[in-house]
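> quick one, what's the 3D model for this:
(2 chains)
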Amino acid sequence: MTEHVRVRFAPSPTGNLHIGGARTAIYNWAFARHHGGEFILRIDDTDKERSTDENTTQILRAMRWLGLDWDEGPEVGGDAGPYYQTQRGKFYAEALETLKANGHAYPCFCTPEAIEAKREAARSESNFWGYDRTCRSIPRDEALARAKAGEPHVWRVKVQDELGDITINDAIRGEVSWPVNVMDDFILVRTDGSPTYMFATVVDDWKMGITHIIRGDDHLSNTPRQIAVYQALEAEIPTFAHMGLIFGADGKRLSKRHGATSVESYAEEGYLSEALLNYLSLLGWSIDETTTLFDRERLIAEFDLARVSNNPSVWDPEKLEWMNGVYIRELGDEGLAQRMVPWLIEAGLLDAERAADRHEWLLELAPLISERVKTMSEIAPMVTFLFADEIVIDEASREKVLAKEGAGRSLDVAAQLLEALDEFSAEAIEAALRSIHEITGVKAKIAFQAVRVAVTGTAVSPPLFESIALLGRERTLARIIAARPSSAL
RNA sequence: GGCCCGUUCGUCUAGCGGUUUGGACACCGCCCUCUCAAGGCGGAGAUCACGGGUUCGAAUCCCGUACGGGCUACCA
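You can find the predicted model right below:
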């Protein structure tokens, strides 16, 4: 059981890294780290039509953003490379030679049309139809000669029925078995000489020494056929682990229709990678009955395939949002002050060169917003009033708050009091504004709301006194004065 | 059609023969309070898909049914 672990994540660059793939990557990564083994990244780019370098770049970027470092793969190399399937042609060719030599594969000269016709016929009787092994009975010498002569052919695996039913001991589901007779002699190498997925993936996993294949449930049904390839290759069969898929709220496989699905889109929306990692880890896995928050060290320490659930789970954006809020608060003032800088720059509120000068100020801002935002992208809209020279007062708030009895007088008095303050601190500002009630008889809450709308432009804002302190006396007074009813004309 | 897999609060899950089915998100109420949040306390929410067994005893084991999903390609 002290076997050295090697696992892989093999995304296809036909799109960017999505939520489901990311979770598969996380589980493989955590498993490797837990066991001190290797986590390998392989790019399954055999679909030349749809694969792009841009997608590969995005996948690598998203992996790094999530903190999923790989021991072998693109950009880091490794002894089992290359790590792009399109560069591994010689391994497939070698493997085919092995199968020709041991007789576990044979050339098939049936035309696609002929096969399709037979399949149609079978389908009309609603029966299973696998390849009927026509070419399996061609004498070996003759078959090889015809293939060599250039007659169009594919290579099929000679399924070894004598080996009996196929059974795996899935690390997540336990024992699963299939009758051999549901498998036909499927194609390994196409007419054009390229390997099929079923062949390429097995050859790669074999050549790369993969010990555990942790993947989505959708591959469970492919497993017996892959095992047939391992058997043909006389290769050692790895341990399989199939986890349930991630679905949308409607129970369908997660897709664009369910909103953002790519990891990068979550990064762009202001989700913290540690929060996404935590949430995704928990979608189909658990530490115990109560733990929901944990960091990557804990994930590595606790990760266990036996605790991965085998049923599909539904993607819950609200829970992710909640969790992201937790992580933002856990950043602390210093952490949040630093992390929010790019978001403020992006929003045009902060000058990239001057960000460092504003650090102290941002440090004071951090606690005002940390418990009010769930994503980083919510910060800028919330604090725009602190950066802008002038603000526009929200009409609804103006009507609801500033039109109230006593609001106007409160603003007049507030302006006088704030102007007279010696020290423009949150404490002093609060004391001053609280005295409006004694002076005017206007309820404190009404006065505060009036000042809030005048200063921030809306009826909902970060804490008022602290915000005013950060805004500064000059801009505060200008806004209060501008908001007075008498200034309205 | 055939072969596989799955089914515990709306959602994520804990449970692995004996617990009042535990926790989290969301929801509701109260407290705190300068708005909004955050936080604290409490509440509601699950005939464990259904039907048969096995057993002194089943959410847990077995069989069947229903529903959902996957595979059944010279796609991956």
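
> alpha carbons only for contacts and neighbour counts from here, please
OK.

> now for the closest residue to RNA strand B within the stretch 151-300 of chain A: which residues touch it?
At 3.0 Å from RNA strand B, A:G284 is the closest residue in the stretch 151-300 of chain A, using CA to the nearest atom of the strand. Contacts for A:G284 (CA atoms under 8 Å, 6 or more residues apart in numbering) come out as A:243-244, A:308-313.

> now the buried members of those.
A:243-244, A:308-310, A:312-313 (16 or more other CA atoms under 10 Å).

> now, which of those sits nearest RNA strand B?
A:S313 (3.5 Å).

> and the gap between A:D44 and RNA strand B?
5 Å (CA to the nearest atom of the strand, to the nearest Å).

> so that residue makes contact with A:R8?
No: counting by CA atoms under 8 Å, A:R8 is not a contact partner of A:D44; they are 11.3 Å apart.

> of these two, which one has the most company?
Using other CA atoms under 10 Å, the more surrounded residue of A:D44 and A:R8 is A:R8, with 28 against 22.

> in a helix, that one, correct?
No: read with DSSP: H, G, I helix; E, B strand; the rest coil, A:R8 is strand and lies in no helix.

> show me what contacts it?
By CA under 8 Å, 6+ apart, A:R8 lies in contact with A:28, A:39-42, A:210, A:213-214.

> correct me if wrong, but A:R215 is in a helix.
No: counting by three-state DSSP, A:R215 falls outside a helix, being strand.

> show me the contacts for A:V451.
Applying CA under 8 Å, 6+ apart to A:V451 gives the contacts A:410-411, A:414, A:480.

> and the next helix or strand past the helix or strand hosting it?
A:V451 is part of helix A:444-456 when elements are defined by DSSP states H and E. Using DSSP H and E, the next helix or strand after helix A:444-456 towards the C-terminus is helix A:464-471.

> that following helix versus helix A:444-456: what angle between them?
Helix A:464-471 runs at 30 degrees relative to helix A:444-456, counting by axes from the mean of the first three to the mean of the last three CA atoms, to 10 degrees.

> all strands of the stretch 1-150 of chain A, in order?
A:6-9, A:38-41, A:105-108 (DSSP state E, counting those that start in this stretch).

> wait, does the first one contact RNA strand B?
In other words, strand A:6-9. No: Strand A:6-9 stays clear of RNA strand B (CA under 7 Å from any atom of the strand), getting no nearer than 11.8 Å.

> report the rounded mean pLDDT for that strand.
Averaging pLDDT along strand A:6-9 gives 97.

> buried stuff in the lowest-mean-pLDDT helix or strand in chain A?
Using mean pLDDT, DSSP states H and E, helix A:112-124 stands out as the lowest-scoring helix or strand of chain A, at a mean of 82. Within helix A:112-124, the residues scored as buried using 16+ other CA under 10 Å are A:R119.

> repeat for stretch A:181-201
A:183-189, A:191, A:194-195, A:197-201.

> can you narrow these to ones near RNA strand B?
Within the buried residues of stretch A:181-201, those near RNA strand B by CA under 7 Å from any atom of the strand are A:186-187, A:191, A:195, A:197-198.

> re the thing from before, any chance of the contacts of A:G284 in TSV, with secondary structure and pLDDT too?
Below are those laid out as TSV (DSSP: H, G, I helix; E, B strand; the rest coil; pLDDT from 0 to 100):
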residue	secondary structure	pLDDT
A:M243	strand	95
A:G244	coil	93
A:V308	strand	95
A:S309	coil	92
A:N310	coil	90
A:N311	coil	92
A:P312	coil	93
A:S313	strand	94
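
> where's A:Q87 relative to A:A200, distance?
Look at A:Q87 and A:A200: by CA to CA, to the nearest Å, they are 12 Å apart.

> how long is stretch A:254-270 end to end?
End-to-end distance (CA to CA), stretch A:254-270: 21 Å.

> how about stretch A:439-449, does it reach RNA strand B?
Yes: judged by CA under 7 Å from any atom of the strand, stretch A:439-449 comes into contact with RNA strand B through A:444-445, A:448-449.

> report the two of those residues separated the most.
Across the residues of stretch A:439-449 next to RNA strand B, the longest distance by CA to CA is 8.5 Å; it joins A:A444 and A:Q449.

> between those two, who's got more neighbours?
A:Q449 (22 against 17).

> contact partners for that one?
A:401, A:459.

> quick one: it from A:E427, how far?
Using CA to CA, A:Q449 is found at 18 Å from A:E427.

> helix, strand or coil for A:D184?
Quick answer, by three-state DSSP: A:D184 is coil.

> would you confirm that it contacts A:T134?
No: between A:D184 and A:T134 there is no contact under CA under 8 Å: 11.5 Å.

> now for the strands of the stretch 1-150 of chain A, which one comes closest to A:K374?
Across the strands of the stretch 1-150 of chain A, A:K374 has its closest neighbour in strand A:6-9 (30.4 Å, CA to CA).

> thinking again about what came up before, let me have the strands of the stretch 1-150 of chain A in TSV, adding distance to A:E378 as columns.
Below are the strands of the stretch 1-150 of chain A laid out as TSV (distance: least, CA to CA, whole Å):
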stretch	distance to A:E378
strand A:6-9	33
strand A:38-41	34
strand A:105-108	59
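
> of all those, which one is nearest A:P82?
Closest among the strands of the stretch 1-150 of chain A, using CA to CA: strand A:38-41, at 10.6 Å.

> all helices for the stretch 351-489 of chain A, in order.
Along the stretch 351-489 of chain A, counting by DSSP state H, counting those that start in this stretch, helices occupy A:359-370, A:379-387, A:395-397, A:407-420, A:426-440, A:444-456, A:464-471, A:473-483.

> that's all I had, so thanks and see you.
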